[in-house]
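Participant: A structural model of the following input is requested.
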Amino acid sequence: MPQQGGMPYSGGASQQPGGPPRRDAGAPGGMPPRGPGGPGGPGAPGGAPQRGPGGSGGPGAPGEARRRDTDPTGRRAEAAFEDTQSMLAAQAGGGRSAGPRPGEGGRRRRGRGAGGPVPGGPGGPEGPGGPGGDGPDDDEPKARRWTRFLPNWKIVMASFVVLSAGVFGMIAVAYANTPIPSATQASADDRGSVIYYRDKKTPIARLGVQRVPVKLKQIPMHVQDAVIALENQTFRTDSGIDLAGMARSVWSTVSGTQLQGASTITQQMARGYYEGLSQEVSIQRKIKEIFVSVKLSKEKTKDEILEEYFNLIYFGRGAHGIQAAAKTFFGKNVGQLTVPEGAYLAARVQNPSAFDVQEKKGDYSAIKWRFGAALKNMAEMNPAAYGKYAGSSFDDLKFKEISVGNTNKGLKGYMINIVLRELEERHITEEELKTDGYKVYTTFDEKMMKEAQKAVKARTAGLDRTIHARLASVDPKNGRVLAFYSGDDFVNDFNNRAFDSTKQAASAFKPYVLAAWLENDKSLDSLVDGMKTIKMPGTTPISNSGNQAFGPIDMVRAMASSVNTVFVQMGEEVTLEEVARIAKEAGVGETTKHNPLYKRKNAVDYAVEEQKYQVTIGSASVTAVEQAAGYGIFANEGKHYDWHTVTKVTTVDGGLVLPEQIIEKQVITPETAADTTVALQQVVRSGTGGAANLGTRPVAGKTGTNNGYKDAWFVGFTPQIVTAVGMSNDVPYNRAGTRKLKVDKYGLPNRKLKDEQILWKEQPMPEFIGGGGTPTQIWHDYMQAVTAKDEVLQFPPRANTGTRNNLVTPTPTPTPTMTVEDDNPFPENGDDGGWPNDNDGGEQGEPEGRECLPWDGSCDVGNDSPDNELPNGDLGQNGGALGVAPGSSTAAVVPTPSASGRRP
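Facilitator: Residues are numbered from 1 along each chain as shown. Model prediction:
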C-alpha cells in the first residue's frame, strides 16, 4: 500500500494534500520494497507519520503517493537540507540537543539489517517516533554533497562530440595544407660524405658507394618480396601508413621480438627522399611524414613508390640502392640475385650500420636471425614460390671479399684513416659518414703533404726496405696537423706511423727536462758537472757520448752538446715527477695508453716507473705527432693545444655538426719557453742539429739517437711550424726469432701471416742515420720548401728567467780540441754506457746485433748521433762557440746517404 505523507528529507515540512503521488513499492511502477513490512511508528503531533523499515506510513497528510524533491515553496531538497543542518548547528551551539525536533519523523539508516527496528532513533523503541523508526542519517547527505559536482552524462557526451569534431577538423585542415614536397633532399642521390683539405675546396676523398639507379622491372620479384616481407607486409594494399603496424611495433619492441618497424615502405621512402622530411625525431615531422605518405599513395602507383625506395635505401658498407648493394655484397648485378641473397639484403635494411659493426667482429647472430625471418615470412606470403627456401642455410651465402678500394690508395688513405679515427672518438662513425652526407673539413695542406713525401723519398731511396721514416707538422698556435708522412700507399702499407709508431724519444726528450729546471726558478747560467758517468738509485750507470767528461757546464752548452749526465742531475734536482708533469701536459706519451704492454699508462709515467732516471735522456716512447705538438709549448709561449685533424663537420646544407675542438693549456711560462728556445737554437747553430739550418730563418730543435742507431729523431720549429722527423729499422722475424722473414717493397712480410706468427725486432741503421744525419736532412729539405713563402719571424729574446743554481763549483778547464767523434755511448763491444741489456728476451739463435720489439721500453735509450756534435766545444755567454760569430754554423759536413749495398 502506498505511503501517505512521507517526508522527502529529514527535518523537512510535510507535503500538502494534492501533491504528486510518491512512487513506492505499493504503486504500479513504484519503488522496490526496502525490506519486510512492519508497523509504522506513530506520528508526532503535527508531524509526518513515522515509517518502519519497509512498512506503511501512519496517519498524516493524506493523498500523497510520491515523494517530491522540493519543499512546498519550490526550493530544492538539498537547499532545505542545508537550512536544517544550519539550524541544528545553531541549536547545538545554544546548549540544545542536536536530536530531532518534535514532530520530525525518524528515517531508516541504510545498511542496517532488513526489516528490523534501529534503536536509538526517533520512532524506535528508545525514541519518540515509536518502534521501527531510524536515527538521523549522517551518511546520505555527504554522498549527495559530492555528486552535485558530477556533470550530466548528456553534457559529457556533447563535449566529447564537439572536441572530437574539432580535432578531426584540425587534422583535415592540416592534411589539406600539406603538399607533397616538390624538391628532393640534396643528398638523396648521393648520401656519401666529402672530406676536404684545409682550403675547404679540394676533396681528399668521397665516402660511400656510388648509387646506380635501376628500374623496378630490373629488380627480381623475389627481391621485392623479401623486402616487403620484412619491412611492410601490407605495402601492396595499405594507404601509405599502417596503424596496426605501429601498434605491433610498439609491442614487439617491448617484447624483444621486433621484425618490422612502425614506418611503412612509403613512409621510409618519403622520409629519405623528400626535402623537409629529415631524419630528425619529432612529433611534427612524424605527422607531416604520415600526411605526405597518404598523399603519395593516392598520387603515385605502388610500383613507382617501390622503385624509388629500392634506389634510395641504405644496405650497409656504404651501399645506397639495391644495385650498389648487390655489387658490394655479392659482386653481381641486382638481376642476378638469388632468393637467399635477396633475403639477406632485406634483412640488412632494418639497421645496416649495426650489422656492419657486428659482422666486422665476426658476430653474425643478429643478421642470421633476420635472414631466417625473411625467408619464413616469404614462405607464408607465397608458399608455392618460396616454401622450399624456408630452411636455406645462411652459411651457404657466398659474399664478395671486402676490399679497401681506390679511396684509400696513396697518401689519402693515411689522411682518411686518422680523420675517421678522430671522428669516431667524437661519436661520428664511418657508417654515418657514408650515409648522412656530411662535409668534413680537415687541417691538411695538400702541398705540404706532397712536400713531406718528396723529402722523405729523396733521402731514403737507397736504404733497406725495413727502414721507415715518419714526419708530422703541427701549427703551434692551435694544434692543427698541417701535414705528415707515414708511407706511400695506405692500401699496401697500412701502418700510419706518424700517429701510431711509438719510439724512444732519446735526446729529443731533453727540452722537457730543461723546461722543468727553468720552471723551478733555476736559470740557463746554472752550472752542473758534466761528469763522464753517473750512477743513480734504481738505474744502471749512465754515460755521456763517447764516455767523455765535460766538467762544469751551463744549460745552453749542455743542450747543444747533449750531455747525458747533466740532464740526469737536473732531473734529480727538480724530481722526475716534475719532468713527467710538463711532458705529459704537453701531450707526450699518450698513445701508449692504448697498449697493454705499457700497462695502459702514459709512456712517460711508464718510463719513470720502470726505468727511473733514464727517462731524463729519453727512454719514454713517443710518436712523431706527439713530439711535434709537444714542442709547440716552446714555439707558442708555453701554451699547448692537443693535436687534431678536423676543423669542423657540417651537413650538406652547411649546418654545423661538430665544431673544431681547441683547448688551450698553459704548460710553462712564456719566460721558460723563451729561454728553452734559446738553448734549442744553439743546437742548430753549433750543436748536433746543424743540418737543419735555414739561413736567415730562425730555427730551434733537438736531435736524438738511441742505442745502436735503431731510432733517430730531429724535432725542430720556426715561430710558425713545428715538425718532427723520426726513423727506425723494424725487421720481421719468425716467432722464434731465429729467421728473418722475406719482405716486400714496403718492408712488410707475407700478408697471409697472422700477427702472432711475426716477431718484430728493432735493428741498427747505418750510422749516418743518427739524429743529426738523415732525419735532420729530411727536416731541412721539407721545411725549406713549405716555409719558402712564410714571413721571417724572430723568436722571443732570452728572458733570463730563474736564478743561478750551481750543482758544482766552477773550475778552470782546458779548452778541448774541436773534433767530431763518435757520440754513441753504447759501443758494440765492452762498456754499454750504462743502459740495460737490450736484447729482446735472450732467445736462442738470435741474429747478431742488438734487437728489441718496437714496443720494448727498456730497449730504446737516448743518446745523440756523432754527426754535427761538438762534444768538446766551449760555448760563450749566449751559447755560441768561442771564436765563432753568433748565428753561423760550425757543424761538420753531414755524410749524404748512399746505397747500403743491400737490396734496394
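Participant: The closest residue to Lys522 other than its chain neighbours and Glu756: what is the separation?
Facilitator: What sits nearest to Lys522 in space, not counting adjacent residues and going by C-beta to C-beta, 6 or more residues apart in numbering, is Asn805, at 4.2 Å. Heads up, the C-betas are built off the backbone N, CA and C, glycines and all. As judged by C-beta to C-beta, to the nearest Å, Asn805 and Glu756 stand 52 Å apart.
Participant: Report how many residues lie close to Arg735.
Facilitator: If you count neighbours by other C-beta atoms under 10 Å, Arg735 ends up with 13.
Participant: again with the one 3 residues further on
Facilitator: For Thr738, the number of neighbouring residues by other C-beta under 10 Å comes to 13.
Participant: for it, phi and psi?
Facilitator: Taking degrees, to the nearest 10, you get phi -100, psi -10 for the backbone angles of Thr738.
Participant: do the same with Leu527
Facilitator: Per degrees, to the nearest 10, the backbone of Leu527 is at phi -110, psi 140.
Participant: Just grab the bridge partners of Arg697 for me.
Facilitator: Leu694 (DSSP bridges).
Participant: That one touches Gln794, doesn't it?
Facilitator: No - using C-beta atoms under 8 Å, Arg697 makes no contact with Gln794, being 9.6 Å away.
Participant: Name the residue in those two with the higher neighbour count.
Facilitator: Between Arg697 and Gln794, counted using other C-beta under 10 Å, Arg697 has the larger neighbour count: 18 against 8.
Participant: per-residue confidence at Asp356?
Facilitator: Each residue has a pLDDT score; the one for Asp356 is 89.
Participant: Let's see whatever helix or strand it lives in as CSV, backbone CA atoms only.
Facilitator: Following DSSP states H and E, one finds Asp356 within helix 352-360. Coordinates of each C-alpha in helix 352-360 appear next as CSV, following Å, rounded to 0.1, in the frame of the first residue of the first chain:
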residue,chain,number,x,y,z
PRO,A,352,72.6,-1.8,-41.7
SER,A,353,75.3,0.1,-39.7
ALA,A,354,74.8,-2.0,-36.6
PHE,A,355,75.1,-5.2,-38.8
ASP,A,356,78.3,-3.8,-40.3
VAL,A,357,79.9,-3.4,-36.9
GLN,A,358,78.8,-6.8,-35.7
GLU,A,359,80.0,-8.6,-38.9
LYS,A,360,83.4,-6.9,-38.5
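Participant: Buried residues, that helix. List them.
Facilitator: Pro352, Ser353, Phe355, Asp356, Glu359 (16 or more other C-beta atoms under 10 Å).
Participant: and if you look at stretch 751-758?
Facilitator: Buried residues in stretch 751-758 (16+ other C-beta under 10 Å): none.
Participant: pLDDT on it, on average?
Facilitator: Here the average pLDDT along stretch 751-758 is 87.
Participant: Name the nearest residue to Leu306, ignoring sequence neighbours.
Facilitator: Leu216 is the one closest to Leu306 (C-beta to C-beta, 6+ apart), at 6.0 Å.
Participant: Which elements pack onto the helix holding Asp356?
Facilitator: strand 314-316, helix 365-381, helix 430-436 (3 or more C-beta pairs under 8 Å, 6 or more residues apart in numbering; DSSP states H and E).
Participant: Pick the most buried one from those.
Facilitator: strand 314-316 (a mean of 24; mean count of other C-beta atoms under 10 Å).
Participant: which strands and helices sit next to that strand?
Facilitator: helix 322-330, helix 339-348, helix 352-360.
Participant: I'd like those as CSV, with distance to Lys412 appended.
Facilitator: Shown next, in CSV, are the helices and strands packed on strand 314-316 (distance: least, C-beta to C-beta, whole Å):
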stretch, distance to Lys412
helix 322-330, 21
helix 339-348, 28
helix 352-360, 22
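Participant: which of those has the lowest average pLDDT?
Facilitator: Across those, helix 352-360 gives the lowest mean pLDDT, at a mean of 88.
Participant: and the angle from that one to helix 365-381?
Facilitator: 120 degrees (axes from the mean of the first three to the mean of the last three C-alpha atoms, to 10 degrees).
Participant: Residues in contact with helix 352-360: which ones?
Facilitator: 314-317, 347-348, 364-367, 429, 431-432, 435 (C-beta atoms under 8 Å, 6 or more residues apart in numbering).
Participant: Great, nothing more from me.
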